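[1] I would like the atomic coordinates for the input below:
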Amino acid sequence: MLGFIGWSVHPLLRRCATRVVALACVITAAVVYGSEGTYYLLLCAQLILSLQLPFVLIPLLRESGSQSRMGSAFVDAWYTKVFLWTAAACVSALNAALIVHSIQVINTTVSQLHNTWITALLWTLLTPFLITAIVLLLVVAFYNHPRQSTSQHETAPDSHSEVVTPES
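    Okay, the predicted model is just below:
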């Protein structure tokens, strides 16, 4: 697995590193905040996962509804597009409600500590993250990425055509 940055990491090392990071967060939350800390950590993890869903769902719907990408035989029908985009809008709206509720819960928890520095730090870190997430979602939803002029189904040989091989 090279990814976009071209780093090759042994799978065992990658698995160990991700488990250590995950366990370090959970152990820190459990030690510092007790059992309530693990609840809020789970809440934050679900919040982050819900933030990722529209970034996957919207490009998938755009690609499956594109006749230039899918071809006329595999493109979604108009009623399928309406249903799927409505479902995507509902999921995104519910995710937005979850984000608002989670921010209120986090803000209530932090304000119970009666520490204005922690509240200021939270909002200082959280505001740019939320603005960036909203901008990225809008870019993913509305930016038209340049397409290559040829696709696989146009360049693939016909299965019924005769294959010509060079004579030896």
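
[2] mind picking out the helix or strand in the protein with the poorest mean pLDDT?
    Every helix and strand in the chain was compared by mean pLDDT, DSSP states H and E; the lowest is helix 152-155, with a mean of 48.

[3] against which helices or strands is the biggest helix by length in the chain packed?
    In the chain, taking DSSP state H as the definition, the longest helix is helix 78-111. Helices and strands touching helix 78-111, by 3 or more C-beta pairs under 8 Å, 6 or more residues apart in numbering; DSSP states H and E, are helix 35-64, helix 116-142. In short, each C-beta sits where N, CA and C put it, glycine included.

[4] pick out the shakiest of these, pLDDT-wise.
    Of all the helices and strands packed on helix 78-111, mean pLDDT reaches its minimum on helix 116-142 (a mean of 77).

[5] now do the buried residues in it.
    122, 133, 137, 140-141 (16 or more other C-beta atoms under 10 Å).

[6] can I get those in CSV with distance to Thr109?
    Output for those, formatted as CSV (distance: C-beta to C-beta, whole Å):
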residue, distance to Thr109
Leu122, 10
Ala133, 21
Leu137, 26
Val140, 31
Ala141, 32
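
[7] related to what we said a few turns ago, now the longest helix of the chain: mean pLDDT?
    85.

[8] okay, angle between it and helix 35-64 too, please.
    160 degrees (axes from the mean of the first three to the mean of the last three C-alpha atoms, to 10 degrees).

[9] chain center to helix 78-111: distance?
    Offset of helix 78-111 from its chain centre (C-alpha atoms, centre = their mean, to the nearest Å): 13 Å.

[10] likewise stretch 34-48?
    That offset, for stretch 34-48, works out to 19 Å (C-alpha atoms, centre = their mean).

[11] alright, that wraps it up for me.
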